[in-house]
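Peer 1: sequence and predicted structure are below.
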Amino acid sequence: MSCPDPIPLSHAKLLRYKNHKATVAGFFAGNMKWGDKVLSPLKLEIRLALRANQAQSCYYCRRLIVLERRNMSEAIEHYLDKSQDHYRRWTFHPLNLVVACQPCNFEKSTTDLGDASVRSATYLQPNIGQFRWLHPYFDSYLDNIKVSPGPVFSAIPNSPREAQAVAMIKELKLDSIANMDDRVQFLADELKKLMARSFKAARRGTRYGKRDRYEAFQNELESRIEKGMLQLHGI
């Protein structure tokens, strides 16, 4: 399974829960910072929802994200950077949140992706100004970026957001040969891990647990292996 296009907004409902609304209100009242532990339960729910929305893929480079206990391979990414005063109000806005791999998160850093109209807008919605890159919820990734086996990224000529696609690819260094080599190695390593897990589970059989749990686990591995093969070899 690949990252859906556009990304669904099923994580939006989390922020409407009464206990989470109180937590968010405390954040905006200045009672806590993004890294404070009191936000951990809410951030975990957001992270899990975004992973499901994106089929465990980075929004920007579309590669599989390795799942491990401390989430060192991924970040809850704020498209409009929360560290900038004019975007802080959208720290928990569902239209401003995606999951990104750490390399893409690092390259993006605090890049300002909105123009003056976006910075001064009251609401986060389409047509409030110009976005520097493709927006994860307002623009179609696949209508504007071609991902060839490798993976190799290129803007689609005369696409609706060609300029934004070009800027995103260039500034995230998705067109870098060195980065492409890193992605190939990453995918190869991930496939080896997935296949090892699959073989281990097959040997254990139903000792893995309940039959439906075992089948769900195998289906997930199969889906991730298929996606990795498609990204790496185009098959």
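Peer 2: Structure received.
Peer 1: residue 134 is in contact with residue 164, correct?
Peer 2: Yes: assessed by Cβ atoms under 8 Å, residue 164 is found in contact with residue 134 at 5.0 Å. Bear in mind the C-beta positions are built from the backbone N, C-alpha and C, glycine included.
Peer 1: of the two, who's got more company?
Peer 2: residue 134 (25 against 21; other Cβ atoms under 10 Å).
Peer 1: what pLDDT does residue 144 get?
Peer 2: Note on residue 144: pLDDT of 97.
Peer 1: pretty sure it contacts residue 163?
Peer 2: No: using Cβ under 8 Å, residue 144 makes no contact with residue 163, being 9.6 Å away.
Peer 1: out of those two, which sits in the busier spot?
Peer 2: Comparing residue 144 with residue 163 by other Cβ under 10 Å, the one with more neighbours is residue 144, at 20 against 13.
Peer 1: quick check: chain neighbours aside, which residue is closest to residue 34?
Peer 2: residue 82 (6.6 Å; Cβ to Cβ, 6 or more residues apart in numbering).
Peer 1: for burial, what's the neighbour tally of that neighbour?
Peer 2: 20.
Peer 1: what of residue 159?
Peer 2: Considering only other Cβ under 10 Å, residue 159 is surrounded by 19 other residues.
Peer 1: how about it: what's its closest non-neighbour residue?
Peer 2: residue 144 (4.3 Å).
Peer 1: so residue 137 touches residue 6, yeah?
Peer 2: Yes: between residue 137 and residue 6 there is a contact at 5.9 Å, judged by Cβ under 8 Å.
Peer 1: can you pull the contacts of the residue nearest to residue 34?
Peer 2: Residues in contact with residue 82 (Cβ atoms under 8 Å, 6 or more residues apart in numbering) are 34, 88, 90, 91.
Peer 1: how many residues are close by residue 153?
Peer 2: 24.
Peer 1: next one: residue 21
Peer 2: With other Cβ under 10 Å as criterion, residue 21 counts 12.
Peer 1: can you give me the pLDDT of it?
Peer 2: 89.
Peer 1: from residue 42, how far out is it?
Peer 2: 10 Å (Cβ to Cβ, to the nearest Å).
Peer 1: Three-state assignment for the most centrally placed residue in the chain, please.
Peer 2: Among the residues of the chain, the one closest to the centroid is residue 99, at 2.8 Å (Cα atoms, centre = their mean). Secondary structure assignment for residue 99 (DSSP: H, G, I helix; E, B strand; the rest coil): strand.
Peer 1: which residue, other than its chain neighbours, is closest to it?
Peer 2: residue 50 (4.3 Å).
Peer 1: ok, and for the helix or strand in which the one you found is found, which residues are buried?
Peer 2: Counting by DSSP states H and E, the element that carries residue 50 is helix 40-53. Using 16 or more other Cβ atoms under 10 Å as the burial criterion, the residues of helix 40-53 that qualify are 42, 43, 46, 47, 49, 50, 51, 53.
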